[in-house]
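Novice: Next comes the sequence, and after it the predicted model I'd like to discuss.
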Amino acid sequence: MSGSKESSPFKHSRPNQTLPTKVAGVLKVVLLYAVFSSVYILLSDQMLIWLFHDPEQIKLISITKGWVFVAITSVLLFGLIRRQLRQGLEALQEREEAYRNLAEQSPNIIYQTTADNKNLITYISPKVSDLGYSPQEFIDTPEFWLHLIHPEDVERVLKALEQSRFEKTAFSSEYRMKTQLGEWRHFHDKSEVVRDSHGQALYVQGMLLDITERKHAEHELRVAATAFESQDAMVITDENQIILKINHAFTTVTGYSLEEAIGKTPAMLKAGLQDATFYKLMWESLGRDHYWQGEIWDRRKDGEVYPERLSITAVIGDNGKVTNYVASFTDITQNKKAEETIHNLAFYDALTGLPNRKLLLDRLKHALLSSSRKKCQGAMLFINLDDFKTLNDTRGHDIGDLLLIEVAQRIQSCIHIDDTLARLGSDEFAVLLDTLSTAQEQAALQAAAIAERIHKAIQQPFTLDGKIYYCKSCIGISLFHDHETSFEELLKRTDAALSQAKENGPDKIHFFDSHMQATLEARVNLESWLHAAIPAQLQLFYQAQVDKHGNAFGAEVLIRWFHPEKGIISPTEFIPLAEETGLILPIGRWVLETACRQIKAWETNAATRHLILAVNVSAKQFHQPDFVDQVLDVLNHTGADPTRLKLELTESLLLENVETIILKMTALKEKGVRFSLDDFGTGFSSLAYLKRLPLDQLKIDQSFVRDLNTDPNDASIVRTIISLGQSLGLEVIAEGVETEAQRNFLAVNGCTQYQGYLFSKPIPLNEFEKLLHLS
């Protein structure tokens, strides 16, 4: 045991430490003694001569005088020396008491040992009792101290002690000592040899410092440092979110180095995928609980967006305010991918990537609830491939898999992106349609139309491993419109419909509901009849368009279908079917040719050569790449005057490819063809596009004209359309004019062209020509 000379408070002072003062005192005594002696000797001898004359008497008195002087001076010297010794001893005792009190009050253990190799403890401060031992135990038992040192530290301590003796340097070592309660505490032992003025060793003086708390703090710091440099990215900011420190994992995850991050805020990592509400809730949690944890999307330095699991802790100071924020986060990209893989295995077909039966059932449950809430119809379609087993058996499963993958792709192309296509079994697929019409019959027709598209897509030849293969299918359909029908019941119904479709033969569609099946069959018949009707059973009717004087300046041509058995079939029945099946293209071509022939035929009659015929053009027809060439071809081979042809376009036609629309219209406009925007105000036309279109006329929709005398809103809309047309330099015509009051309102507000039952209903050509003569 030992302690440092510089730091040990237990250090005795020796008498020579006040040598100048003591030497001065001695000199004073000596000088006083010399003066006193000299004066005494001189004066006493002189007095003897003066007082006595007998030599013998003088000799005797002189001897006696000498002994008296010696006695007196001895007494004086004894008293003086005794006084000095007593004062020195008292001062020494006071100093030792002061040093002892200092040692005993020290928070450290002070000790002294002999300076020989035995190293016997001669003093140890009472502070050692904190370990549960008395000072006397250390003094009485020379090896007591060594036995308390931790076995792992003994060899190192003895080696350090031996080295300090050999090199005559101060001893310093850290080791663990065991308390009486069995606790191991850490100490720093410092000591050195105290020597006299001649360099002779007097004793060893030392001090034991209890550094247990420091060691624990150092351990915690090492743990914290190790934790800070863990695999989790960590960042420490001040109370203003300015980054103060990051670890290596932060750089690995984000790409930002220490120099790039320090002084910035974590906002530099924002990916922008969380809204203001997200951050508001996060800061509320930090303010309330001083902690937040969750998943967030951030952006790396290279721009890549990635998911992370983030936790933030607010560090609170003594004043109760936030001093720092400590955040740790982990890149969970791989976790997300693993979750996605697990999800795909659970809910998706491994071969086609389509939803499996489990996911289909989940979506079906939601669809049943949604259809009830939205009041719309839904449908479930089961699709079965014919003779798939034969293909598998003859050409192998690999070829069968190729067919299934391509069939899945073809079916997917036939349905809307929001609809669900699933694979149920080896050769069976399902389609969930959950946003059909609110009307049951219309919904059935929509579902049947999609089934027809699927049939036709599957009927196209497949190229499998270099060989052509033809496939057929059967489709069963069941409608639903509320959650009262359980999904189990719906699946049973659809499966029953599929079984019936299989019995009916290949490429058949069958509804579970007999009424819906009848509707489907009626639609199939209607399509078949429509094919046969072009053009033999179709006829154009003409509805006059008149000016403010009631004179006809033209007509709109309207198609009618006269079926030999069913009679007149309304355009509202067959035009949507024609649009779905593509038959609108040959029908539209026939209408255009027939109208142009009539324009040419009227050229020979002065009463009709001025008439302009308005022909409706469907969006499908207009968007054909060769539409301009088709119109010009019809004009050329019929010889009709292009200036007498007016093409009516609907607003819905303008919703896509506006630039292409303008190019087509301009090309025909340059040849003299006119354009009218039909049903204006019912669609979504942009005024910015409207002013760019090469139009000649706006047609006010009859839905606004019908109540313009009673509905202020309709009246305002009509006035606005008229004003807009006039400002753009366009003609404005109103359709659906049925009363004089309507015409008068239109005329007063500047609309001078009309079409409606007030003047004429749609009539055949011969009746229209008679009407012209009458007018």
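Specialist: It's in.

Novice: any idea how far S257 is from E579?
Specialist: Distance of E579 to S257, computed by C-beta to C-beta, to the nearest Å: 62 Å. (Glycine included, C-beta is placed from N, CA and C.)

Novice: Which one's more surrounded, the two?
Specialist: Taking other C-beta atoms under 10 Å, E579 and S257 do not tie; E579 has more neighbours (16 against 12).

Novice: shaky segments in the stretch 151-300 of the chain?
Specialist: Counting by pLDDT under 70, the ranges of the stretch 151-300 of the chain that qualify are 226-227.

Novice: hang on, I meant the stretch 1-150 of the chain
Specialist: Scanning the stretch 1-150 of the chain for pLDDT under 70 picks out the ranges 1-26, 29, 92, 98-105.

Novice: Could you check which helix or strand contains T594?
Specialist: If you go by DSSP states H and E, T594 is part of helix 584-602.

Novice: what angle sits between the helix or strand just after that helix and helix 584-602?
Specialist: Using DSSP H and E, the helix or strand that directly follows helix 584-602 along the chain is strand 612-616. Interaxial angle, strand 612-616 versus helix 584-602 (axes from the mean of the first three to the mean of the last three C-alpha atoms, to 10 degrees): 180 degrees.

Novice: So in that sheet, which strands flank strand 612-616, and in what orientation?
Specialist: Partners of strand 612-616 in the sheet, by DSSP bridges, are strand 552-563 (parallel), strand 645-650 (parallel).

Novice: Let me see the mean pLDDT of the helix or strand following it.
Specialist: Next helix or strand after strand 612-616 toward the C-terminus (DSSP H and E): helix 619-622. Across helix 619-622, pLDDT averages out at 91.

Novice: Give me the helices and strands touching helix 619-622, please.
Specialist: Judged by 3 or more C-beta pairs under 8 Å, 6 or more residues apart in numbering; DSSP states H and E, helix 619-622 is in contact with helix 584-602.

Novice: So which bits of the helix it packs on are buried?
Specialist: Buried residues in helix 584-602, defined by neighbour count with 16 or more other C-beta atoms under 10 Å: 584-585, 587-589, 591-596, 598-599, 602.

Novice: Between those residues, which sits nearest A451?
Specialist: I584 (20.2 Å; C-beta to C-beta).

Novice: Once you drop chain neighbours, what's closest to that closest one?
Specialist: In space, and not counting its chain neighbours, I584 is closest to A578: 4.2 Å by C-beta to C-beta, 6 or more residues apart in numbering.

Novice: Tabulate the buried residues of helix 584-602 (JSON lines), appending distance to N335 and pLDDT.
Specialist: Below are the buried residues of helix 584-602 laid out as JSON lines (distance: C-beta to C-beta, whole Å; pLDDT from 0 to 100):
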{"residue": "I584", "distance to N335": "53", "pLDDT": "87"}
{"residue": "L585", "distance to N335": "53", "pLDDT": "91"}
{"residue": "I587", "distance to N335": "58", "pLDDT": "90"}
{"residue": "G588", "distance to N335": "57", "pLDDT": "92"}
{"residue": "R589", "distance to N335": "60", "pLDDT": "94"}
{"residue": "V591", "distance to N335": "62", "pLDDT": "95"}
{"residue": "L592", "distance to N335": "62", "pLDDT": "96"}
{"residue": "E593", "distance to N335": "66", "pLDDT": "96"}
{"residue": "T594", "distance to N335": "67", "pLDDT": "96"}
{"residue": "A595", "distance to N335": "67", "pLDDT": "97"}
{"residue": "C596", "distance to N335": "68", "pLDDT": "97"}
{"residue": "Q598", "distance to N335": "72", "pLDDT": "96"}
{"residue": "I599", "distance to N335": "71", "pLDDT": "96"}
{"residue": "W602", "distance to N335": "77", "pLDDT": "95"}
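
Novice: of the residues you listed, closest to Y470?
Specialist: L585 (26.7 Å).

Novice: need the contact list for that closest one.
Specialist: Applying C-beta atoms under 8 Å, 6 or more residues apart in numbering to L585 gives the contacts K620, Q621, Q624.

Novice: Can you select the buried ones from those residues in PyMOL?
Specialist: Per 16+ other C-beta under 10 Å, the buried members of the contacts of L585 correspond to this PyMOL selection:
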select buried, resi 621
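
Novice: distance of R423 from A408?
Specialist: Distance of R423 to A408, computed by C-beta to C-beta: 7 Å.

Novice: okay, and the common contacts of these two?
Specialist: By C-beta under 8 Å, 6+ apart, R423 and A408 have these common neighbours: T352, L354, F429.

Novice: In this structure the second one contacts A422, no?
Specialist: Yes: with the criterion set as C-beta atoms under 8 Å, L354 and A422 qualify as a contacting pair; they are 5.5 Å apart.

Novice: what touches both of the two?
Specialist: Counting by C-beta under 8 Å, 6+ apart, the residues touching both L354 and A422 are F429.

Novice: pull the longest helix from the chain.
Specialist: helix 55-105 (DSSP state H).

Novice: W292 belongs to a strand?
Specialist: Yes: assessed with DSSP: H, G, I helix; E, B strand; the rest coil, W292 lies in a strand.

Novice: Between the two ends of stretch 163-174, how far is it?
Specialist: Terminal residues of stretch 163-174 are spaced 15 Å apart (C-alpha to C-alpha, to the nearest Å).

Novice: circling back: between R423 and A408, which one's more packed in?
Specialist: Neighbour count, other C-beta under 10 Å: between R423 and A408, R423 has more, with 25 against 19.

Novice: What are the phi and psi values at that one?
Specialist: R423 adopts backbone torsions of phi -110, psi 120, taken as degrees, to the nearest 10.

Novice: Bridge partners for it, pull those for me.
Specialist: Judged by DSSP bridges, the bridge partners of R423 are F429.

Novice: My understanding was that it contacts F429; is that so?
Specialist: Yes: using C-beta under 8 Å, R423 is in contact with F429, at 5.6 Å.

Novice: can you list residues touching both of these two?
Specialist: With C-beta under 8 Å, 6+ apart, R423 and F429 have common neighbours L354, A408.

Novice: give the contact list for the residue lying closest to D153 once chain neighbours are set aside.
Specialist: Counting by C-beta to C-beta, 6+ apart, D153 lies nearest to Y175, which is 3.9 Å off, once chain neighbours are set aside. Residues in contact with Y175 (C-beta under 8 Å, 6+ apart) are I149, H150, D153, R156, V157, H186, F187, D189.

Novice: who does Y175 bridge with?
Specialist: F187.

Novice: Against H219, how distant is it?
Specialist: 16 Å.

Novice: and what of E648?
Specialist: E648 is 89 Å from H219, by C-beta to C-beta.

Novice: Of these two, which one has the most company?
Specialist: Taking other C-beta under 10 Å, E648 and H219 do not tie; E648 has more neighbours (18 against 10).
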